[in-house]
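Engineer: quick one, structure for this:
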Amino acid sequence: MIQLEGEITHTAVPPNKADQAREITIWIQQIESEIEMTFSLEVFQKYEFQVGDKLSIKIEKQLDIDAMARDFFKKGI
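Structural biologist: Predicted coordinates for the structure are as follows:
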């Protein structure tokens, strides 16, 4: 599991999606980079995302090394 802490630095309306979605840009200090996420307008309004809000992002990923190795050798990389 990876847990990242971030801050919303920008919100925007995707082109031609003003009635459907909103984008937020999050600065993640641990990786010194920004990530962009798009949310439905309903979710955006529900959580009232605003510039300056602090967020915690938890990533849980199961990695199947055996499957990855099989794919690796199939592709001849």
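Engineer: look at residue 16 and give its secondary structure.
Structural biologist: What DSSP: H, G, I helix; E, B strand; the rest coil gives for residue 16 is coil.
Engineer: could you give the separation of the helix or strand bottoming out on mean pLDDT in the chain from the chain centroid?
Structural biologist: Comparing every helix and strand of the chain by mean pLDDT, DSSP states H and E singles out helix 65-75 as the least confident one, with a mean of 78. Relative to its parent chain, helix 65-75 has a centroid offset of 27 Å by C-alpha atoms, centre = their mean, to the nearest Å.
Engineer: now stretch 18-29
Structural biologist: Using C-alpha atoms, centre = their mean, the distance from the centre of stretch 18-29 to the centre of the chain it belongs to is 9 Å.
Engineer: next: stretch 9-26.
Structural biologist: 13 Å.
Engineer: same check on stretch 17-35?
Structural biologist: Between the centre of stretch 17-35 and the centre of its host chain there is 7 Å, according to C-alpha atoms, centre = their mean.
Engineer: quick one: the strands in this protein?
Structural biologist: According to DSSP state E, the chain carries its strands in the segments 2-12, 21-28, 33-40, 54-59.
Engineer: pick the most buried one from those strands.
Structural biologist: strand 21-28 (a mean of 18; mean count of other C-beta atoms under 10 Å). Glycine gets a C-beta too; all of them are placed from N, C-alpha and C.
Engineer: so which residues make contact with that one?
Structural biologist: The set of residues that contact strand 21-28 without belonging to it, under C-beta atoms under 8 Å, 6 or more residues apart in numbering, is 4-14, 33-41, 44, 49, 55, 57.
Engineer: go with 10 Å
Structural biologist: Contacts of strand 21-28 with the rest of the structure, by C-beta atoms under 10 Å, 6 or more residues apart in numbering, involve 4-14, 17, 33-45, 47, 49-51, 53-55, 57.
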